[in-house]
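>>> fold the following.
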Amino acid sequence: AHKGAFELAKVLHQDLSVGNIVIYKGKGHLVDWDLAKLVNIQGPRQTTRTGTCQFMSAYLIEHSNATHMVGDDLESSLFVILWTAL
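The predicted structure follows:
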């Protein structure tokens, strides 16, 4: 879902967490797109920090004014996998 949203629609979810992934018939679906942002929009979508802290990329946590990039969502995906596996 994330790959298709990014590559086809040019959208970043920006809030990947265990609560925003639903498994239906063996397939994962991203839900809760209210914090999503079109990739071509420059700057933050909101003036406050977005996302679930436990799953945010280390870079975004350390740099409060950083722009959310696809790598940040991918790092969040890794944290979700680790969270569920452990």
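
>>> sketch out the low-pLDDT regions of the chain for me.
The chain contains residues with pLDDT under 70 at 43-50.

>>> in it, which spans are strands?
For the chain, applying DSSP state E gives strands covering 11-12, 21-24, 27-30, 37-38.

>>> deepest-packed of these, please.
strand 11-12 (a mean of 20; mean count of other CB atoms under 10 Å). (Each C-beta comes from the backbone N, C-alpha and C, glycine too.)

>>> mind checking the strands of the chain for the one nearest to residue 58?
strand 11-12 (17.2 Å; CB to CB).

>>> what about the closest one, distance to the chain center?
Mean-position distance between strand 11-12 and its chain equals 8 Å (CA atoms, centre = their mean, to the nearest Å).

>>> name the residues that touch that strand?
5, 6, 33, 36, 37, 38, 39, 68, 69, 70, 73 (CB atoms under 8 Å, 6 or more residues apart in numbering).

>>> could you verify my assumption that residue 17 touches residue 56?
No: the pair residue 17 / residue 56 is not scored as a contact, 9.1 Å apart, by CB atoms under 8 Å.

>>> what about the two, which has more around it?
A direct count of neighbours by other CB atoms under 10 Å for residue 17 and residue 56 places residue 56 higher, at 22 against 18.
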